[in-house]
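Enquirer: Let's see this in three dimensions:
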Amino acid sequence: MSNKGRTLIAAAGSAAIVLAASAAPASASVTRGTVGTATVQAPIERASLNCSKPSGAKINFSWTDGTESTTVYFNNHCTTKVNVKIEWRFSSYGQTWRCMTVNPLTKGRKKFWMDPYTIYKITSGTC
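Expert: Model prediction:
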């Protein structure tokens, strides 16, 4: 049975991926971005760390792993600077870390050029 002219729609999380079949060999790679008319978006990841001061406050992080870079967004509710250690992993290369210091009571973003690594976890500490 020929696949020529058929369209395959596969659900990946909350996004849909549309692949058009052709007479070419049955191989396809899917990347984040626009494929035809469908847009594929990676899920937003989140992490929080407790502050030493004031009690009960947190520093919050969010990010989406990109294809070339990853931007980490932060919102620090602590009244002190927070040193953050970001662990990055990639199956073929192992793991590495990057650190940043976030000033008290600030929010902002930091861009990391870490392709092909993705963020594994964010913890307090220094590298």
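
Enquirer: who touches Thr79 in this structure?
Expert: 51, 53-54, 57, 104-105 (C-beta atoms under 8 Å, 6 or more residues apart in numbering). For glycine as for every other residue, the C-beta is placed from the backbone atoms N, C-alpha and C.

Enquirer: helix/strand/coil for the residue nearest to Thr64 when sequence neighbours are not counted?
Expert: Excluding its sequence neighbours, the residue lying closest to Thr64 (C-beta to C-beta, 6 or more residues apart in numbering) is Ala42, at 4.8 Å. For Ala42, the assignment made with DSSP: H, G, I helix; E, B strand; the rest coil gives coil.

Enquirer: least trustworthy helix or strand in this structure by mean pLDDT?
Expert: Ranking every helix and strand in the chain by mean pLDDT, DSSP states H and E puts strand 15-20 at the bottom, with a mean of 36.

Enquirer: Give me the nearest residue to Lys111, chain neighbours excluded.
Expert: In space, and not counting its chain neighbours, Lys111 is closest to Thr71: 4.8 Å by C-beta to C-beta, 6+ apart.
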